[in-house]
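Colleague: Below are the sequence and a predicted model; questions follow.
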Amino acid sequence: MTQIGDEELFAQLRTVLDEADPMPEAVLVSARAAFALRSLDAELAELVRDSAEEERGGLIAVRGEGDARLISFETGAVAVELQVTERGLLRDLVAQISGVEVGSAEVETPTSLYPTVLEETLASVDGVPAGHLRIRVHTAQGRDLVTSWVRV
């Protein structure tokens, strides 16, 4: 009889459990939300403007692929102006961050983190999947800021 190692045994058990009783998506979403609370002390920049919700003639404006959507967040003197460009199921993002010296920034989705390319006050990242996201800013002074979640 061949003995298997602990890691291999756990991998086999994980496969059996995933097939027999898969984790409900709602549980995964709740677990990710609870995990996000680990940074509850980060300052929240709230949504103040979204060009997708601006009305034109009583109807919400419809944008085509490639059109830029502008979203603004603020907290105190800090502002994050986010430009979102659609590319099929992907989004290209450019964020102008003002009112604070930026050390680093990243885009957070419910399942992943996307580091940005930082050039002075501009943070950019291409190819983020469509869906919910927020911007996390780490200031040069050691302060953490995070925008509210927005669907793009």
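Modeller: That came in fine, so what should we check first?
Colleague: CA atoms for contacts and neighbours, from now on please.
Modeller: OK.
Colleague: surely Asp144 meets Arg136?
Modeller: Yes: between Asp144 and Arg136 there is a contact under C-alpha atoms under 8 Å: 7.3 Å.
Colleague: Between its first and last residues, what's the separation in stretch 124-134?
Modeller: Its first and final residues considered, stretch 124-134 spans 13 Å by C-alpha to C-alpha, to the nearest Å.
Colleague: what's the helix or strand for His138?
Modeller: In this structure, His138 sits in strand 132-139 according to DSSP states H and E.
Colleague: Surely Gly142 is within a strand?
Modeller: No: read with DSSP: H, G, I helix; E, B strand; the rest coil, Gly142 is coil and lies in no strand.
Colleague: quick revisit: who are the packing partners of the strand holding His138?
Modeller: Applying 3 or more C-alpha pairs under 8 Å, 6 or more residues apart in numbering; DSSP states H and E, one finds that strand 132-139 makes contact with strand 102-108, strand 144-147, strand 150-151.
Colleague: How far does the longest helix anywhere in the chain sit from its chain's centre?
Modeller: Using DSSP state H, we find that the single longest helix of the chain is helix 6-20. Counting by C-alpha atoms, centre = their mean, to the nearest Å, helix 6-20 is centred 31 Å from the centre of its parent chain.
Colleague: Pull out the buried residues from it.
Modeller: Residues of helix 6-20 include none that count as buried (16 or more other C-alpha atoms under 10 Å).
Colleague: packing partners for the next helix or strand after that helix?
Modeller: Going down the chain from helix 6-20, the next helix or strand is helix 25-36, by DSSP H and E. Taking 3+ C-alpha pairs under 8 Å, 6+ apart as contact, there are no helices or strands that helix 25-36 lies on.
Colleague: Could you list the residues in contact with helix 25-36?
Modeller: Helix 25-36 is contacted by residues 110-111 when judged by C-alpha atoms under 8 Å, 6 or more residues apart in numbering.
Colleague: Could I get the CA-only coordinates of it as CSV?
Modeller: Below are the C-alpha coordinates for helix 25-36, written out as CSV (Å, rounded to 0.1, in the frame of the first residue of the first chain):
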residue,chain,number,x,y,z
GLU,A,25,-21.2,32.1,-4.2
ALA,A,26,-23.0,34.2,-1.5
VAL,A,27,-20.8,32.7,1.1
LEU,A,28,-17.7,33.6,-0.9
VAL,A,29,-18.9,37.2,-1.4
SER,A,30,-19.6,37.6,2.3
ALA,A,31,-16.3,36.1,3.2
ARG,A,32,-14.5,38.6,0.9
ALA,A,33,-16.5,41.5,2.4
ALA,A,34,-15.6,40.4,5.9
PHE,A,35,-11.9,40.1,4.9
ALA,A,36,-12.1,43.7,3.5
